[in-house]
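J.: Below are the sequence and a predicted model for it; my questions follow.
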2 protein chains.
Amino acid sequence: MKLASLPQGRDGRLIVVSDDLAWYADADHIVPTMQALLDDWDRFAPEVESLAIELSHEAIPRKRFHEREAAAPLPRAYQWADGSAYVNHVELVRRARGAELPESFWNDPLMYQGGSDDLRPGRSPIALADEAWGCDMEAEICVVTGDVPQGATRDEALKQVRLVGLVNDVSLRNLIPGELAKGFGFVQAKPATAFSPVFVTPDALGSAWRDGKLHHALQVDLNGKPFGRAEAGEECTFDFGILIAHLAKTRSVGAGSIIGSGTVSNRDPDGSPGRPVSAGGRGYSCIAEQRMVEQIASGEATTPFLRYGDTVRIEMRDDKGKSIFGAIEQEVVPL
Amino acid sequence: MKLASLPQGRDGRLIVVSDDLAWYADADHIVPTMQALLDDWDRFAPEVESLAIELSHEAIPRKRFHEREAAAPLPRAYQWADGSAYVNHVELVRRARGAELPESFWNDPLMYQGGSDDLRPGRSPIALADEAWGCDMEAEICVVTGDVPQGATRDEALKQVRLVGLVNDVSLRNLIPGELAKGFGFVQAKPATAFSPVFVTPDALGSAWRDGKLHHALQVDLNGKPFGRAEAGEECTFDFGILIAHLAKTRSVGAGSIIGSGTVSNRDPDGSPGRPVSAGGRGYSCIAEQRMVEQIASGEATTPFLRYGDTVRIEMRDDKGKSIFGAIEQEVVPL
């Protein structure tokens, strides 16, 4: 089933959305919010699932779903932890900073704890106080978990994946080096994160959800032009089971925790960092990667980071070309 | 007023507690949970405050308050961000790791984003899978905020302090160097954090709350013996207004966010790192500091990190010797 939240109070109200994202039915008479559903999944999910089936059969009154009216599926959450499953991205960004990639990064996931008190709708603007901070998108996959006990294995963790969605993990590139040097993770370099309008249960993704990974291309457009078409199921070094188990090694993970994949990234078939979409490659899911490749090719990064008025669009389509989660589409605006 | 939560569901139920921590009255008929109170403070706080006054006048039915039955005041929160206001601590711990303290650390606070999906009661055990991880306490002050807009100044941020409490920011010392080297902050090195049974409004702290700092000694006992008596109001380089504003520089901070001071730490009057309580000093709020001082004195750290069966107690007393927040008292147990 596909779920979303419409704006109401601080936590939204739960709705079920049709497969084609055209229609919705209220679900808040069953359970008021997405967090409350996740808190008591076994109790409420079957009834919400039945509602989704009735919606698909047009057996109940339905209303027009407009992506741009949706809140973030979880307008706030008790946890947002973002991994770096695509080590190619990590290697490129490190090279752009002149830093080496330690060998351990291929076995031990990078993960940072992000702010989860203000999760933004897919169509919210990026309110940026200073263009000089170097604003960048990071297009990613995310999952939402049930309760995961401390010390859970990869397989146990994977069973707790309740929902799958898309993320724009907005980053302020020019604030990252200073925070990295402090070693305490990102506080100022990672402003509010935005989510796809719709989150989807793994079973509704069919065979595209397998091995703890999502197997479709992630479409990233910048100012209306294709910027990234990386395959999320390829070169994903750490599946979501591994990422969640990493987080749960020393503490339990509560229901409604959101875990990110890190920026989706593919190499070129020849092993090089990848070419822009305009040059026949799969492009990039963030600007930093493109700048790195430019630096290698010409000695100078020419693509600027996001500026006021720029628009980023992130979407994923199924084999029939239909949008799965709805689109994240954010314009950068002055604070 | 003094507030606490009794166990109920995932978020507890709100009670008001008498100044002497001996009595309580249910407050959940006004607003069910502490988070709900924080979400709508201006609406509910006056009525909860009236209830607290009636409790103090014994004008309403009252029940015995037992600290050990309390849940964490916020059993889960949308944000837990821990600063390092006591730069003396940072300097000592860095020296213990053989690392220099950059000059910027005196102007730019360290802060890490912690897990907030499982906040533990003051009397919960520390469930540790492996003693070799080097479990340590970190005794700290924390505040809980209302809504703080992106870009708020120190003064604006300070006005949003709703509640004050104590924290044991449990740390796994032997996992820290690896995570620090990765630069992404602490995911595994910081297991579940525990909180004092009671949180207190700033006005109820009287003159002890001033300049964005709490001016009392923080009592830390290890296995029943005094371990730390550092003054929380002294050598606090960054007050809570500065810490919150640091967090809010690039994004808004939501109601119910918990901000920690970092380990409370004082130097000795002669400027040296400080002596143990048993040697007439103010001691330490974590074991790592004592080990550092031992290393300076004898070339070897002899105090071990926490082992199964060890008990840590953290408390703060007012000028009359009365416990303000109740005690955090945690025994380390095998997972």
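T.: Done, it's in.

J.: Wait, A:L110 touches B:F184, no?
T.: Yes. With the criterion set as C-beta atoms under 8 Å, A:L110 and B:F184 qualify as a contacting pair; they are 5.2 Å apart. Where C-beta positions appear, they are placed from N, C-alpha and C, glycine not excepted.

J.: Who has more neighbours out of those two?
T.: Just comparing A:L110 and B:F184: by other C-beta atoms under 10 Å in any protein chain shown the higher neighbour count belongs to B:F184, 23 against 20.

J.: which stretch of helix or strand covers the nearest residue to the more buried one once chain neighbours are set aside?
T.: Here the nearest residue to B:F184 in space, its sequence neighbours aside, is A:Y112; by C-beta to C-beta, 6 or more residues apart in numbering or on different chains that works out to 4.1 Å. Assessed by DSSP states H and E, A:Y112 sits inside strand A:111-114.

J.: What residues of stretch A:299-307 count as buried?
T.: Residues of stretch A:299-307 classed as buried: A:A301, A:F305, A:L306 (neighbour count, 16 or more other C-beta atoms under 10 Å in any protein chain shown).

J.: Leaving out sequence neighbours, find the closest residue to the residue in the stretch 101-250 of chain A that chain B sits nearest to.
T.: Ranked by C-beta to the nearest C-beta, the top residue of the stretch 101-250 of chain A for proximity to chain B is A:G185, at 2.0 Å. By the measure of C-beta to C-beta, 6+ apart, the closest residue to A:G185 outside its immediate chain neighbours is B:G185, 2.0 Å from it.

J.: my guess is that neighbour meets A:A189, correct?
T.: No. Counting by C-beta under 8 Å, B:G185 stays clear of A:A189, with 11.0 Å between them.

J.: which bits of the stretch 101-250 of chain A sit near chain B?
T.: Applying the criterion C-beta under 8 Å from any C-beta of the partner chain, the portion of the stretch 101-250 of chain A that neighbours chain B consists of A:102, A:108, A:110-118, A:127, A:129, A:133, A:150-151, A:172, A:175, A:178-192, A:246-247, A:249-250.

J.: Can you show me the strands along the stretch 201-335 of chain A?
T.: For the stretch 201-335 of chain A, the strands identified by DSSP state E, counting those that start in this stretch occupy A:209-210, A:213-214, A:217-222, A:225-231, A:258-260, A:311-316, A:328-334, in order along the chain.

J.: Out of these, which gets nearest to B:I258?
T.: With distances scored as C-beta to C-beta, the stretch of the strands of the stretch 201-335 of chain A nearest to B:I258 is strand A:258-260 (18.8 Å).

J.: who does that closest one touch, helix- and strand-wise?
T.: Judged by 3 or more C-beta pairs under 8 Å, 6 or more residues apart in numbering or on different chains; DSSP states H and E, strand A:258-260 is in contact with strand A:80-83, strand A:139-145, helix A:240-247.

J.: could you list every residue that touches the residue nearest to B:F184?
T.: A:A81, A:D82, A:G185, A:F186, A:K190, B:Q113, B:F184, B:G185, B:V187 (C-beta atoms under 8 Å, 6 or more residues apart in numbering or on different chains).

J.: okay if I get the residues you listed as a markdown table plus pLDDT?
T.: Converted to a markdown table, these look like this (pLDDT from 0 to 100):
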| residue | pLDDT |
| --- | --- |
| A:A81 | 98 |
| A:D82 | 98 |
| A:G185 | 96 |
| A:F186 | 97 |
| A:K190 | 98 |
| B:Q113 | 98 |
| B:F184 | 94 |
| B:G185 | 96 |
| B:V187 | 97 |
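
J.: which one among those residues gets closest to A:S261?
T.: Of all these, A:D82 has the smallest distance to A:S261: 8.0 Å, by C-beta to C-beta.

J.: Looks like that closest one contacts A:V143 (just checking).
T.: No. Contact criterion C-beta under 8 Å: A:D82 and A:V143 do not qualify, at 11.5 Å.

J.: coming back round to it: okay if I get the buried residues of stretch A:299-307 as a markdown table plus pLDDT and distance to chain B?
T.: As requested, those are exported to a markdown table (pLDDT from 0 to 100; distance: C-beta to the nearest C-beta, whole Å):
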| residue | pLDDT | distance to chain B |
| --- | --- | --- |
| A:A301 | 93 | 21 |
| A:F305 | 98 | 14 |
| A:L306 | 98 | 14 |
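
J.: Alright, I will stop here.
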